[in-house]
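*Asks:* Sharing a sequence plus its predicted fold:
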Amino acid sequence: MSSIELTSTRAPRVNAARRLVKRAFRDRDGRFLAEGPQACREAAAAGPGVLVELYVTAEAAERYADILGEARAAGAEIVRASGEVVGSLSGTVTPQGMVGV
């Protein structure tokens, strides 16, 4: 995981991930958003190439270090992100600090 925290909700990679909220982009790109620790754990366990990016807050990274390990083993890029960035990717009122692509 990078020591640099992604803080801009307007970063190109965040915009690309946020587009996956819309079905047309999910269908076109063949990707989806996995929100929360359980969904991200399942995506990582599904095998290499299923989970490609994992946006995680510092707090969630500490709390769910096992999921980060599984994500790394599956070949996912771990992106440390601010709560604002993770919240912009989440469709929930109270984001859980982790969103996977």
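*Replies:* Arrived safely, thanks for sending.

*Asks:* residues touching residue 95, list them.
*Replies:* Applying Cβ atoms under 8 Å, 6 or more residues apart in numbering to residue 95 gives the contacts 35, 83, 86-87, 89. No exception for glycine: its C-beta is placed from N, CA and C like everyone else's.

*Asks:* Give me the buried subset of those residues.
*Replies:* Buried by 16 or more other Cβ atoms under 10 Å: 35, 86-87, 89, out of the contacts of residue 95.

*Asks:* List just the nearest of those residues to residue 6.
*Replies:* Nearest to residue 6 among the buried ones among the contacts of residue 95: residue 86, at 9.4 Å, using Cβ to Cβ.

*Asks:* Could I get the pLDDT score of the closest one?
*Replies:* What the model reports as pLDDT for residue 86 is 95.

*Asks:* From here on, call the first residue 43.
*Replies:* In the new numbering, first residue 43, that becomes residue 128.

*Asks:* Wait, it touches residue 98, no?
*Replies:* Yes: at 7.3 Å, residue 128 counts as touching residue 98 under the criterion of Cβ atoms under 8 Å.

*Asks:* any shared contact partners between these two?
*Replies:* Contact criterion Cβ under 8 Å, 6+ apart; residues shared by residue 128 and residue 98: 139-141.

*Asks:* any chance of the contacts of residue 137 in CSV, plus secondary structure and distance to residue 113?
*Replies:* Formatted as CSV, the contacts of residue 137 follow (DSSP: H, G, I helix; E, B strand; the rest coil; distance: Cβ to Cβ, whole Å):
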residue, secondary structure, distance to residue 113
77, strand, 14
125, helix, 19
128, helix, 15
129, helix, 20
131, helix, 15
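
*Asks:* No further queries at this time; thank you.
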